[in-house]
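Asker: got a structure for you, letters missing:
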């Protein structure tokens, strides 16, 4: 800021420097609107539309306009820097993916309706890429022939697709979005964990550079798979994700992974699923076979029709994700209306698989015991004697240690120095770039508009000319100051000149605050009277 003021005060043009033509607002497409969009429920969605960064194309899909492209490209540059610091190699993969590899990993069947599926004219199955684990692993399988190529980190930045049932909040939950996904390949687990930690450190560096308040939480691996996972969240009241944290020891986990300790309940009398004591409840779940692999025989079909019963304390929700180590391959869903008679019949015949939460002390023959309840605020921390509190976050990054889940199925093998051949150890690391832009705005805005951090602002500086006639003294000085800034500061190629003579200066300032330029340099009456300009700093309003 001091440097900016210093050079603006010395507005005289250095004749030894090459004159340049600044980017002018009169020629730059920024469709501004101060009307609140009807569909915008959160500030970032509202402001991105009003300030001319995005425009709705169709349901859950947006056009990125010139200002949005500039901010997105700046964010991509920062991500490229951080990924390349840890040895990332940038590639570009197709968005239209054959089902062949997906069927080999079983994800064609385990993925839900969010996967965009289509057929070509030959009736071959394809999908629009939500992630690229299969494609990247196939590259490793076919192109890595020696352990000397490892460790290897490949990444790309591009569009991804998810058929959201309820797209909302603009760029925060869209059906098409911009994502960075990286994949690491290593010889052994220790090396893979090292790669995992390198990416974690790079993500920390990225979010610190962006200047947002963020949290890192233990997470479930979901449909991606693997055995270790963390999420990065921008802390925000509009976040869809609930995070549990302990202020005493720093423990943090999302709602799927959080473990809270509660007082146990003991029931001495013998019970059944049809006659529970008042302090207990039973929740029934059914395995969802919608996208299950085609059964090979009648026995397989019968095995897929499984009902789960989970006994917990009264008023404690079941954490479905905690059951996945016991029920593999197919998603669980809550029971639907109309299934009561079938479930009752299965209970009486003993055809229900029973789970008992570890906060319940009862005798139940054949039951599987474990932590199957969701944590709640006020539970004791599982890592210390503290208690859990909650905050909301916008998930903007997710990292996974995959092990050999994909490499073993897609034959991505490596021959070790010992002569042993084994599957490569993998990790995958996602960042939602379009979502990050929205999350930054949720973290940094006021009643007047966006307050961009310099690192991703579409332009760092807006120079406002109050000239009412082209070529007058104020107009000429505005161009001179743009030239000084261009030649003398880090603002080179990162400023916009509002040269419009038909727009009054107060309207220009109102628009500038809405868009969120970090610095606004005003050439007005003070230039004529005392050869001074005014500098407004958006972050301090």
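Answerer: It's in. None of these values were measured; they are calculated from a predicted model. Residues are numbered from 1 along each chain as shown.
Asker: for stretch 368-386, what is the average pLDDT?
Answerer: The average pLDDT within stretch 368-386 is 93.
Asker: buried set for it?
Answerer: When burial is assessed from 16 or more other Cβ atoms under 10 Å, stretch 368-386 yields the following buried residues: 368, 372, 373, 374, 375, 376, 379, 380, 381, 382. In this view, the C-beta of every residue, glycine as well, is placed from N, C-alpha and C.
Asker: need the residues you listed in TSV (columns: distance to residue 37 and secondary structure).
Answerer: Output for those, formatted as TSV (distance: Cβ to Cβ, whole Å; DSSP: H, G, I helix; E, B strand; the rest coil):
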residue	distance to residue 37	secondary structure
368	50	strand
372	42	coil
373	40	strand
374	35	coil
375	37	coil
376	36	coil
379	40	coil
380	44	strand
381	42	strand
382	43	coil
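Asker: biggest separation within the residues you listed, which pair?
Answerer: 368 and 381 (25.0 Å; Cβ to Cβ).
Asker: contacts for the helix or strand where residue 82 lies, please.
Answerer: Using DSSP states H and E, residue 82 falls within helix 66-85. Helix 66-85 is touched from outside by 28-30, 48, 51-54, 64, 90, 153, 155, 157, 178, 180, 182, 202-203, 205-206, 209-210, 431, 433-434, 436-437, 452, 455-459, 515, with contacts defined as Cβ atoms under 8 Å, 6 or more residues apart in numbering.
Asker: out of the buried residues of stretch 368-386, which one sits closest to residue 173?
Answerer: Nearest to residue 173 among these, counting by Cβ to Cβ, is residue 374 at 22.1 Å.
Asker: which residues sit in contact with the closest one?
Answerer: When contacts are counted by Cβ under 8 Å, 6+ apart, residue 374 touches 255, 258, 316, 317, 318, 319.
Asker: redo those as JSON lines? Include distance to residue 172, pLDDT and neighbour count.
Answerer: Formatted as JSON lines, those follow (distance: Cβ to Cβ, whole Å; pLDDT from 0 to 100; neighbours: other Cβ atoms under 10 Å):
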{"residue": "255", "distance to residue 172": "18", "pLDDT": "89", "neighbour count": "19"}
{"residue": "258", "distance to residue 172": "22", "pLDDT": "91", "neighbour count": "26"}
{"residue": "316", "distance to residue 172": "30", "pLDDT": "94", "neighbour count": "22"}
{"residue": "317", "distance to residue 172": "25", "pLDDT": "93", "neighbour count": "15"}
{"residue": "318", "distance to residue 172": "28", "pLDDT": "93", "neighbour count": "24"}
{"residue": "319", "distance to residue 172": "25", "pLDDT": "92", "neighbour count": "22"}
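Asker: return the member of the residues you listed nearest to residue 477.
Answerer: Closest approach between the contacts of residue 374 and residue 477, by Cβ to Cβ: residue 255, at 57.1 Å.
Asker: so where's the stretch 1-150 of the chain shaky on pLDDT?
Answerer: Scanning the stretch 1-150 of the chain for pLDDT under 70 picks out 1-19.
Asker: all strands for it, in order.
Answerer: Using DSSP state E, counting those that start in this stretch, the strands of the stretch 1-150 of the chain run over 23-24, 54-58, 61-64, 88-90, 96-98, 117-119, 125-128.
Asker: kindly report the same for the stretch 151-300 of the chain.
Answerer: For the stretch 151-300 of the chain, applying DSSP E, counting those that start in this stretch gives strands covering 152-161, 176-186, 214-218, 228-235, 241-246, 252-254, 260-261, 265-266, 280-288.
Asker: could you dump the ones you listed to JSON lines with distance to residue 511?
Answerer: What follows is the strands of the stretch 151-300 of the chain, written out as JSON lines (distance: least, Cβ to Cβ, whole Å):
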{"stretch": "strand 152-161", "distance to residue 511": "30"}
{"stretch": "strand 176-186", "distance to residue 511": "26"}
{"stretch": "strand 214-218", "distance to residue 511": "30"}
{"stretch": "strand 228-235", "distance to residue 511": "26"}
{"stretch": "strand 241-246", "distance to residue 511": "34"}
{"stretch": "strand 252-254", "distance to residue 511": "39"}
{"stretch": "strand 260-261", "distance to residue 511": "48"}
{"stretch": "strand 265-266", "distance to residue 511": "61"}
{"stretch": "strand 280-288", "distance to residue 511": "50"}
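Asker: the ones you listed: which one's closest to residue 112?
Answerer: Nearest of these (Cβ to Cβ): strand 280-288, 8.1 Å.
Asker: how about the nearest residue to residue 263, chain neighbours excluded?
Answerer: In this structure, residue 263 finds its nearest non-sequential neighbour in residue 359, 7.5 Å apart by Cβ to Cβ, 6 or more residues apart in numbering.
Asker: pretty sure the one you found contacts residue 260?
Answerer: No - under the criterion of Cβ atoms under 8 Å, residue 359 is not in contact with residue 260, lying 9.6 Å apart.
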